[in-house]
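**Q** Structure, please.
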Amino acid sequence: MAEKTAFVKIPPPEVLMRKVAVLVPENVHPFGLGVLAEVWAEPYHPADDNPVFDFVTCAARPGRVRGTSGFDILVERGLEAAEGADLVAVAATQDYREEQPEISEALRAAHRAGATILASCSGAFALGHAGLLDGRRCTTHWRYGDELAARFPEAEVDVSVLYVEDDGIITGAGSAAGIDANLHVMRREFGAATAATAARRIVMPPHRGGGQAQFVPSPIRAEDCEALGDVLQWARDRLDQPLTVAELAGVAHMSERTFARRFRDETGTTPLQWLTAERIARAEQLLEQTRLPVEEVARRCGFGHAATLRHHFAALRGTSPAAYRRQFTCVPELAGEPVA
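**A** Alright, predicted model coming up:
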């Protein structure tokens, strides 16, 4: 779990993405490119009432672009086609160690123009080459984490998350996590219902790891924890109760000091930070999927009172529970309505 406080900026409803441009480097990985097309190049389906985008692919040298899986890609447009795009993504490549200068300049130009920038897996190196990771938190495939951090020491690399957004720069972990990252953008721009519709079409969950709005930590499953899996599940089943570290340590049959040390070793965070994050994730689910008043949501998540929930929600999400519900509710009649 990430320890750094994260904030999400919820855009006003009228700010919607229209143009999506994908920069295709040499030796492109076809799956990562396909993920971008699957999310953003889909035609209109009346049953879904999905948004449709001006989706363009472009390359430094238009024409035949080498692929890594026994076939190449035909890209007919040059990088100038990315001008004016609201979202500019760069596909992952086998040649991630080598900078492709034209792509670096196109990424910098798009960032200067205010576009959201996205890359997953080895594509994060392209953002590093462009200087867009300096001073920002980012992620990549776990195999590349140490190398990314060494190559770009000004970047804050966190391979414990599926994706992360920092000031309009979005990076995803492995290729499949690119789906999570792209659905996050869809959800941020168009709301939970639209993202859920896109996810159902792809046949995957709308968001993994509890529905965090800005970043999704890799799910800490019980079976992934050598000693504390049963304790984590025990706590998740009782989030509505006032749990303490001493109580959790007792369930684990450990002293508080030993428990705290083992907890950090296995989860990367502290027991109290983990509990708060789990409770916020539970609150998000209830806010998105139910009509429960915020006071009841707070009670069911173990915060006790709405004021406490609002405090932690603002600290971790940079917004209020009511504003979050208006933006991300899956209950149609609640969208846009004031919710207590």
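
**Q** close enough to count as contact, residue 84 and residue 19?
**A** Yes. Between residue 84 and residue 19 there is a contact under C-beta atoms under 8 Å: 6.0 Å. (Glycine included, C-beta is placed from N, CA and C.)

**Q** The two: which has the busier surroundings?
**A** residue 19 (18 against 12; other C-beta atoms under 10 Å).

**Q** Would you mind measuring from that one to residue 242?
**A** Using C-beta to C-beta, to the nearest Å, one gets 49 Å for the distance from residue 19 to residue 242.

**Q** quick one: least confident helix or strand in this protein?
**A** Ranking every helix and strand in the chain by mean pLDDT, DSSP states H and E puts strand 215-217 at the bottom, with a mean of 38.

**Q** For the stretch 1-150 of the chain, give me the ranges with low pLDDT.
**A** Within the stretch 1-150 of the chain, the segments meeting pLDDT under 70 span 1-15.

**Q** Thought residue 283 was touching residue 297, still the case?
**A** Yes. Using C-beta under 8 Å, residue 297 is in contact with residue 283, at 5.4 Å.

**Q** Show the backbone phi and psi for residue 55.
**A** Backbone geometry at residue 55, expressed as degrees, to the nearest 10, gives phi -100, psi 120.

**Q** Just give the number of residues close to it.
**A** Per other C-beta under 10 Å, the neighbour tally for residue 55 reads 17.

**Q** partner residues bridging it?
**A** Taking DSSP bridges as the rule, residue 55 bridges to residue 20.

**Q** Let me know whether it touches residue 38 as I believe.
**A** No. Taking contacts as C-beta under 8 Å, residue 55 lies outside contact range of residue 38: 10.7 Å.

**Q** how close does residue 89 get to residue 240?
**A** 40 Å.

**Q** Of those two, give the one with the bigger neighbour count.
**A** residue 89 (33 against 15).

**Q** which stretch of helix or strand covers that one?
**A** Following DSSP states H and E, one finds residue 89 within strand 87-90.

**Q** just the CA coordinates of the next helix or strand after that strand, formatted as PDB?
**A** Heading C-terminal from strand 87-90, the first helix or strand you meet, by DSSP H and E, is helix 101-112. Extracted C-alpha coordinates of helix 101-112, given in PDB (Å, rounded to 0.1, in the frame of the first residue of the first chain):
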ATOM      1  CA  PRO A 101      13.800  11.800 -29.600                       C
ATOM      2  CA  GLU A 102      10.800  12.600 -31.800                       C
ATOM      3  CA  ILE A 103       8.500  10.900 -29.400                       C
ATOM      4  CA  SER A 104      10.100  12.700 -26.400                       C
ATOM      5  CA  GLU A 105       9.400  16.000 -28.100                       C
ATOM      6  CA  ALA A 106       5.800  15.100 -29.000                       C
ATOM      7  CA  LEU A 107       5.200  14.100 -25.300                       C
ATOM      8  CA  ARG A 108       6.700  17.400 -24.100                       C
ATOM      9  CA  ALA A 109       4.600  19.400 -26.500                       C
ATOM     10  CA  ALA A 110       1.400  17.600 -25.500                       C
ATOM     11  CA  HIS A 111       2.100  18.200 -21.800                       C
ATOM     12  CA  ARG A 112       2.800  21.900 -22.500                       C
END
